[in-house]
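> have a look; sequence and predicted model below, questions after that.
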Amino acid sequence: MTALLRPQEAAALLLAGNNYLILSHRRPDGDTVGSCAALCRALRAMGKRAWVYANPQFTPKYAPYLEGLIAPDGEAASHAASGDEETADARAYTFLSCDVASRSQLPFGMENAEVRLSIDHHGTNDLFADGTLVNPKAAACGELLTDLIPLLGVTLDRAMAEALYVAISTDTGCFRYSNVTADTFRCAGRCVEAGAEIYPINRRFFETKSRPRLALEAWLVEHMEYSADGRVALSVIELALMERLGLTEDDVNDIAGFGRTIEGVEIAVMLREVENGMGKVSVRTSPAYSAARICAQLGGGGHPTAAGASVPGGIPAARKAAMDAVAKEIELSCQTES
Ligand SMILES: [Mn+2]
């Protein structure tokens, strides 16, 4: 049974239950981490037992926001989710997810979790959970939580507000992307009113680069491949480059938009070689083109101007598939123009 829930219905569900385990998405970003952290704190403020699942892909960058929230028995919970072990405590968990668009995006170890409530802002959410609260107009999942937490009778405290500000600011490139609406600013304003100190967050996430990251940007500038009269920029990050420059996941997690910062570029394609022989394709577009449509051709999905997909066959296969998909998207947009 899947149901689309209104905010009041989602709040009623959370008020009725207990013993929550909250799931983030694969390759976790600021939005999924901040949303999970704020929801966990809000549920605890209601006197509920709540934890964030120990996603094996959590990175140090967002760790401060998860302090004291990570479930100690992650392994037992993962066994319970796959139904192959009797662990009374873990079996009793009610699973929630934040910013997860499909079952394939559930963290490793949680692939089979029966999620009671999915809170999300992806238009591509495939309703994998029993109940779904989704708003594709929200720039970040954190916006949904900023509205939902007061419905639980909980007043935002500083820790919740800072987690939510991280969620909203990172998913909007610090309020610069085309997904930003008046509601985005209203939600951020509520975080500030609740005591969030935003300058240290802005400085940490938007004004600071590690030296390996700076070296990567220099490398990308040198090796960017342009096509379609400079409208398309393609870059490739191989594992050997990651190693040579000493890059961590935190150094590259928002690199996909780099090509889009170049004048004239409307479609930026980033290919990353990942460990299992898959090529990770990330696409960022101007509103004139659809990143979601490009990535849907590759079996992926996302938002109108930011989307991704995984393509088997490593970089060469990913390059061909991605560029074919981009060519189709350009053709399509020419037709709709004329
Ligand atoms: Mn998000």
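Right, received. Where do you want to start?
> can you tell me the closest non-neighbouring residue to Gln297?
The spatial neighbour of Gln297 that comes closest, neighbours along the chain excluded (CB to CB, 6 or more residues apart in numbering), is Ala325 at 4.0 Å. In this view, the C-beta of every residue, glycine as well, is placed from N, C-alpha and C.
> can you get me a residue count around that neighbour?
For Ala325, the count of nearby residues is 22 (other CB atoms under 10 Å).
> which SS state does it fall under?
Ala325 carries the three-state label helix when classified by DSSP: H, G, I helix; E, B strand; the rest coil.
> excluding its backbone neighbours, what's nearest Trp51?
Ala71 (3.5 Å).
> how long is stretch 53-68 end to end?
Criterion CA to CA, to the nearest Å; first-to-last residue distance in stretch 53-68 is 12 Å.
> checking Ala12 next. Helix, strand or coil?
helix.
> how many other residues sit next to the residue nearest to Trp51?
Neighbour number of Ala71 under other CB under 10 Å is 19.
> tell me where this structure has helices.
Taking DSSP state H as the test, the helices found in the chain are 7-16, 30-45, 74-82, 88-91, 141-151, 158-171, 182-193, 198-206, 211-223, 239-245, 249-252, 291-296, 314-337.
> and of those, who's closest to Glu266?
helix 314-337 (8.9 Å; CB to CB).
> and His303, backbone torsions?
Here is the backbone geometry of His303 (degrees, to the nearest 10): phi -100, psi 170.
> any idea how far Leu298 is from the closest residue to it other than its chain neighbours?
Leaving aside its chain neighbours, His303 sits nearest to Ala292 (6.2 Å; criterion: CB to CB, 6+ apart). Distance of Ala292 to Leu298, given as CB to CB, to the nearest Å: 11 Å.
> before we move on, what about Arg26?
16 Å.
> between these two, which is the more surrounded one?
Leu298 (20 against 16).
> what pLDDT does that one get?
As predicted, Leu298 sits at a pLDDT of 96.
> shouldn't the residue nearest to Trp51 be in contact with Leu21?
Yes: between Ala71 and Leu21 there is a contact at 5.9 Å, judged by CB atoms under 8 Å.
> that older thread, residues touching the residue nearest to Trp51, list them.
Taking CB atoms under 8 Å, 6 or more residues apart in numbering as the criterion, Ala71 is in contact with 21, 51-54, 77.
> widest-spaced pair of these?
Val52 and Ala77 (11.0 Å).
> any common contacting residues for these two?
21, 71.
> residues from the protein in reach of the ion?
31, 99, 141, 171 (CB under 5 Å from the ion).
> low-confidence ranges in this structure?
1, 74-91, 337-338 (pLDDT under 70).
> got the domain ranges for it?
Domain ranges of the chain: 3-206, 211-337, per automatic domain parsing.
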